[in-house]
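# 3D model of this:
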Amino acid sequence: MREVGTIGAEQVQLDACPHLTFAFEILGKRWSALILDLLASRPARFSEIVRAVPGLSDKMLTERLAELTENGLVARRSDNGSASYHLTVSGRELAPALDAIRKWAIGRTTKACLD
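The predicted structure follows:
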């Protein structure tokens, strides 16, 4: 988004930060941040993630996990025929940001999610 503002007699053009644009192309998709937050707690199987997020369909979880894996935030591990998903180092680096968003939201919602 580009806007032009005025500071004194000088016009300043505003440009969206390309780094945040990149981040929110991934994190701004519905369910992505919730999936990352769940996996920050511990690795989980597909069925566990679906059950933990009301309204998240199998199809949408499949799509989001593929995107998060493609972007290097989540990895899939297979052990004895059972697959689980976990955060990569890059995915774990987002945990403090997710915690900050949670703290912000707690002050603005009637139902806290930190139990």
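
# C-alpha only now, for contacts and for neighbours.
Fine.

# does the spatially most central residue of the chain sit in a helix or strand, and which one?
Closest residue to the average C-alpha location of the chain: Ala33 at 2.3 Å, with C-alpha atoms, centre = their mean. Using DSSP states H and E, Ala33 sits in helix 32-41.

# try Ser90
helix 89-92.

# Can you show me the helices along the chain?
Listed in chain order, the helices of the chain (DSSP state H) span 18-27, 32-41, 46-52, 58-70, 89-92, 95-106.

# Next, format those as CSV and append distance to Arg76 and mean pLDDT.
Output for these, formatted as CSV (distance: least, C-alpha to C-alpha, whole Å; pLDDT from 0 to 100):
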stretch, distance to Arg76, mean pLDDT
helix 18-27, 18, 94
helix 32-41, 11, 97
helix 46-52, 10, 97
helix 58-70, 8, 97
helix 89-92, 13, 98
helix 95-106, 19, 93
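
# Nearest to Asn80, out of the ones you listed?
helix 46-52 (15.3 Å; C-alpha to C-alpha).

# just how off-centre is that closest one within its chain?
Helix 46-52 has its C-alpha centroid displaced from the chain centroid by 16 Å (C-alpha atoms, centre = their mean, to the nearest Å).

# how about it: buried residues?
Buried residues in helix 46-52, counted by 16 or more other C-alpha atoms under 10 Å: 46, 49-50.

# The residue nearest to the centre of the chain - nearest residue in space that isn't next to it in sequence?
Nearest residue to Ala33, sequence neighbours excluded (C-alpha to C-alpha, 6 or more residues apart in numbering): Leu27, at 5.6 Å.

# Could you single out the most deeply buried of the helices of the chain?
When the helices of the chain are scored by mean count of other C-alpha atoms under 10 Å, the highest mean neighbour count falls to helix 32-41 (a mean of 19).

# That helix - contacts with which helices or strands?
Judged by 3 or more C-alpha pairs under 8 Å, 6 or more residues apart in numbering; DSSP states H and E, the packing partners of helix 32-41 are strand 82-87, helix 95-106.
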